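Q: Just need the structure, nothing else, for what follows:
(2 chains)
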Amino acid sequence: MTDAPDAAVGILRAHAEDAYASELAALAAADDRPRPPSWRLSPWAVMTYVLGGALPDGTQISPKYLGSARLVEIAVATLATDRALLLLGVPGTAKTWLGEHLAAAISGSSTLVVQGTAGTPEEALRYGWNYARLLAEGPSRSALVAGPVMRAMESGSLVRVEELTRIPSDVQDSLITILSEKTLPIPELNAEVQARKGFNVIATANNRDKGVNDLSSALRRRFNTVILPLPDSLEQEVEIVTTRVRSLGAALELPADLAALHEIRRVVTVMRELRAGRTEDQRTSLKSPSATLSTAEAISVMTNGLSLAAHFGDGTVRAEDVAAGLVGAVVKDPVQDLVVWQEYLETVVRNRPDWMDLYRACRDLETSDRSS
Amino acid sequence: MADVHLLGVRHHGPGSARSVAEALTVIRPDLVLIEGPTELDGVAPLAADPGMTPPVAALIYAVEQPHLASFYPLASFSPEWVALRWSLATATPVRMMDLPAANSLALHLTPKGPVAAASPEDDGGGSRSLYRPDAIGMLADAAGYSDAERWWEDAVEHRDAGPIERFAALTDAIAEIRAVDDRPDDDPDVVQNAVREAAMRRVIRGAVREGHGRVAVVCGAYHAPALVPADFPPASADNKLLAGLPKVKVAATWVPWTSSRLSLSSGYGAGIASPGWYQHLFEHWQNSSASGADVATSWLVRVAHALRRENLDAPPASLVEAQRMASAVAAIRGRPAPGLAELDDAVQAVLCEGSTVPLTVVHRELTVGHELGRVPDAAPTVPLAADLAAAQRRLRLTPSAVEEVLTLDLRKPNQLARSVLLHRLTLLGVPWGRPVETGRTTGTFKEGWALRWQPEFAVELVDASRYGTTVDSAASACVAERAQSADSLAELSELLGACLLADLPAGISHVVSVLAERAAHQEDVAALLMTIAPLARTCRYGNVRGVDVAEVRRILDATAIRACVGLPTACAGLDDDAAAVMRRAIDSAQTGLTLLPEMPHDDWHQALAAVAGSDRIHGSVAGRATRLLLDAGLVDREALAARLSRRLSIATPGPEAAAWLDGLLSGNAVLLMHDRRLLGLVDEWVSAVQDEVFDDVLPLLRRTFSDFSRPERREIGEQLSSGDSSPNRPAEELDLTRAGPAIRTMARYLGWEAHRD
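A: Presented below is the predicted three-dimensional model:
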């Protein structure tokens, strides 16, 4: 969301605790408030690290999360009460980003991560075995390979579980004992690992995945949930999209020119209006389509338009280049969403004089669809 | 020297209320003075009536102009209410001491008066908004509390001092706040405050002069430092301030109030956002010695119960977590104890899975609450009833218990005013008049009413008086509230129609804004179509009643476009019943759109064409669409004949064809009478229908034709029986020269000439 300063040379992407090491050090030095057990910083300093601010000695802390301070307060308070934290949100709402920075600020390390996928095995959440050793020496502590959760329990630090709802339900449930009893039994050795103070879990989940692998109510009850919203203001979102599209365009080596912010602004406005169910001027209510229409989709529409303009146009992104991508992003259900989209075209787009090119481009698309 | 105890309170502050109760038992005053207009003295004893249940509001209104009024809402946790009830229960004399409302309302009326300038944003709803600084809120804010009541509990209640010392300390603190007030002396609010405090001092002086030994003064904390007798300015200075104030004749009474209306602004300044929470605090403190539970815990238990009633999980273990969470959030925010804000956050994160939706249930059920007050029958007549009585006299409509039928000619101003009054009363839930048939007339300027006054209406009027003090303003406010809670578009459309009849421009703008919101999210195209006609009527006739027609028109345009976009899809796959609904909706929309000839109908006609052109759409709807297009001149006879012949061809099932024919023909026989070719096609089809199908088709056809008038049916029959219905008969030659004068006269009747230039 913001620029990452002084990353280690040659590394494509540095961990949060390395990228912002100087800020964390300055905060630790200035922080004289009580710290919960095993926390590197006090809750106040964690808040300052995430939301940005100035320290008494003049050090500027850059904001990491641009959003509601209230949500960050709830997140930090949750971690301080030893309840697990679940960050929910549609894709592209900085869930992972916020989790990483919280772990970096509180435990000084954001590297204990379990990436949830449809194929995440129970070993990833508990422990595995070094089979060579297991065969040679039989079951022993040295043959056991601790997973990230187990290491976090032993060291009293935060562990992150990404995309919790992608993990199969039976595997998810192995978290229940860990979260409620704070122990991880190892029946093979007739032993257990007891979590040290400071251990906690930050999980992220996509709330559009509802129903894929829904959390069992037993597990859900052990999390405090914070829903991260989509960006508040048009300006903020345009900025995010511009930055991302520019860097993606550079990576794909597309020569097209994005100088015209105009088109980005328009795409983001369309997405925001349909998502919110009302126009930016608050004067007209709209239906919302079934699609998410998150910031991430605006980025993909723009990248798509960029490549069309680069390969088939003159390099300048115009309404025709984004129209197809826009319709594709909005109309996921050919019946319901199409009605939503046509209503939007006729009641909003058509009435904006400087949007006529977009209106025509979208109508042309429809007619060509029908004739084919 | 008399002993004057100043009990500076927070209006509607449960903490203040509790302290006041304690202080009164300690002081045992022989006179209680309460901040409130002196006119309330007359009705104050009613507070002890068993029929009085808070929340209620003391209401003072100008007798001549009932719209000029102030409400003073009181809940059970209001310090003023506690003081009043204590005095009445202990038979201690109690008096009001604020500036008489006779003066403050009159000041409000005179444009140059200080008060008038102080409240420029009068909402016109009859209540007066006076700005009084929430001094205790400022102190709590300075101490870092989000919730002034929690601050009161910690900073005031938990001090090891008697209630009298606590109030004294508070008065000193407020004096400090007032000392740093740097508003200029001619600031309207400062001027107004000075006048009021002078009036209060005058009452205190009088009480002391009468020889009362111990006087308790319950006033807004902000005023307390100005009412310390030792620091009184000379009496002459106060008298000078109070001399020559304008006056109006006022009356006072009690009206029932509700929790949700406590959150509105009123005579006591800004409303409170969370009456239910305050009620909880007050009750909790009253019973705390018995239960020993923490305020937050007992609140969370109530939250859990509310959530469970909505079938949401709220296990006790989670309540423990929510409680810890609230404390942790409070700690992070640097607050000593969790307030409502922290509890809400904790409930949302722990019990509601981060979602705000269940939290709205909590807010509605608990934070605001559903308390509904009652006032005893002995309470004086409310201004709404007085306003109605005045209107009845003016319009010469006498209430009578015997039903009488009245026919009103709406072209006469007096009779129109009667109709408007009856419509407004119906909206207010006082159905004095019941609409009846006007007999054999097709004009729209006649309205029939059956009038019967029932004694219960007096109660309904008291109930309705919480909406406002005049029939007009109360009906508008009532409509606004009903619009908010309306479930369906049909209900809103009906309200809109009622507003037009009742001549309520303010109500119309409320309904229209809600309607716009709901219409946008409406999936049901038939419902959308049904809203077009009332909106169009509002556009057409609203401007003479001062409605913002441009806004209504914008919403009408959007609704029409939405309906047009959705129409073809919505017409697919309808059964007979759904098709009948859709056809009625289309007809209604057409009626509405016809009212506004200047509105472009292209989208509508395109949508109709899509419906008419599809063979998969129910015949009744498709036939109707064809008919409307025909009337609009968008389908020529050739195309119609082709379509008719296709629709009635042998491959189409009989009932389906009959439904189509019904859609096309119903309501008007002219089409068949004047186009012999069409009649011929229909005739051919009827004769060709197979016998077994004919039995199914007959009722449908009969219904179609029975709508036509008898002469029309005879004409059609004669044409058919004369055997001269062959499709190839040429149309009669018209002699236009001879028809000219008749056509011109007709055009003038239709008003076409006016549009030609």
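Q: and residue 76, what element?
A: Went with chain A since none was named. In this structure, A:V76 sits in helix A:69-80 according to DSSP states H and E.
Q: just checking, what packs against that helix?
A: Contact here means 3 or more C-beta pairs under 8 Å, 6 or more residues apart in numbering or on different chains; DSSP states H and E; on that basis helix A:69-80 packs against helix A:43-51, strand A:84-89, helix A:95-107, strand A:223-227, helix B:316-332, helix B:340-346. Any C-beta I mention is one placed from the backbone N, CA and C, and that applies to glycine too.
Q: How confident is the prediction for A:K197, by pLDDT?
A: In this model, A:K197 is scored at 91, pLDDT.
Q: For the stretch 51-200 of chain A, which residues are neighbours of chain B?
A: Neighbours of chain B within the stretch 51-200 of chain A, by C-beta under 8 Å from any C-beta of the partner chain: A:R70, A:E73, A:I74, A:V76, A:A77, A:T78, A:A80, A:T81, A:R83, A:L86, A:L88.
Q: what's the helix holding A:V76 in contact with?
A: Here helix A:69-80 makes contact (C-beta atoms under 8 Å, 6 or more residues apart in numbering or on different chains) with A:36, A:39, A:43, A:46-47, A:50-51, A:65, A:84-85, A:87, A:98, A:102, A:106, A:158, A:200, A:202, A:224, A:226, A:228-229, B:325, B:328-329, B:331-333, B:345, B:348-349.
Q: Report the buried members of these.
A: Neighbour-count burial (16 or more other C-beta atoms under 10 Å in any protein chain shown) applied to these gives A:36, A:39, A:43, A:46-47, A:50-51, A:65, A:84-85, A:87, A:98, A:102, A:106, A:158, A:200, A:202, A:224, A:226, A:228, B:325, B:328-329, B:331-333, B:345, B:348-349.
Q: For chain A, give me its nearest residue in the stretch 351-500 of chain B.
A: Proximity of the stretch 351-500 of chain B to chain A (C-beta to the nearest C-beta) peaks at B:G354, 3.3 Å away.
Q: all strands of the stretch 201-350 of chain B, in order?
A: Assigned by DSSP state E, counting those that start in this stretch, the stretch 201-350 of chain B shows strands spanning B:214-220, B:250-256.
Q: thinking again about what came up before, give me the buried entries from the residues of the stretch 51-200 of chain A next to chain B.
A: For those, a burial check counting by 16+ other C-beta under 10 Å picks out A:E73, A:I74, A:V76, A:A77, A:T78, A:A80, A:T81, A:R83, A:L86, A:L88.
Q: Just give me the closest of those residues to chain B.
A: Once C-beta to the nearest C-beta is applied, the member of these that ends up nearest chain B is A:A77, at 3.9 Å.
Q: Find the nearest non-adjacent residue to that closest one, please.
A: The shortest distance from A:A77 to any non-neighbouring residue, by C-beta to C-beta, 6 or more residues apart in numbering or on different chains, is to B:A328 (3.9 Å).
Q: what's the spacing between that neighbour and A:D82?
A: 10 Å (C-beta to C-beta, to the nearest Å).
Q: which residues of chain A fall in strands?
A: A:53-54, A:60-61, A:84-89, A:113-115, A:127-129, A:144-146, A:158-162, A:183-186, A:191-194, A:200-206, A:223-227 (DSSP state E).
Q: hmm, I was thinking of the stretch 1-150 of chain B
A: B:3-9, B:31-37, B:56-62, B:69-74, B:94-98.
Q: chain center to the first one: distance?
A: To tie it back to what came earlier, the one meant is strand B:3-9. Mean-position distance between strand B:3-9 and its chain equals 40 Å (C-alpha atoms, centre = their mean, to the nearest Å).
Q: same question for it, mean pLDDT?
A: Regarding strand B:3-9, the rounded mean pLDDT is 88.
Q: How about the last one?
A: Averaging pLDDT along strand B:94-98 yields 91.
Q: do the same with the third one
A: Strand B:56-62 carries an average pLDDT of 84.
Q: Give the pairing partners of that strand; include direction for each.
A: Paired with strand B:56-62 in the same sheet, following DSSP bridges, are strand B:69-74 (antiparallel), strand B:250-256 (antiparallel).
Q: same thing with the last one?
A: In the sheet, strand B:94-98 lines up against strand B:31-37 (parallel) (DSSP bridges).
Q: for the first one, same thing?
A: Strands adjacent to strand B:3-9 in the sheet, as given by DSSP bridges, are strand B:214-220 (parallel).
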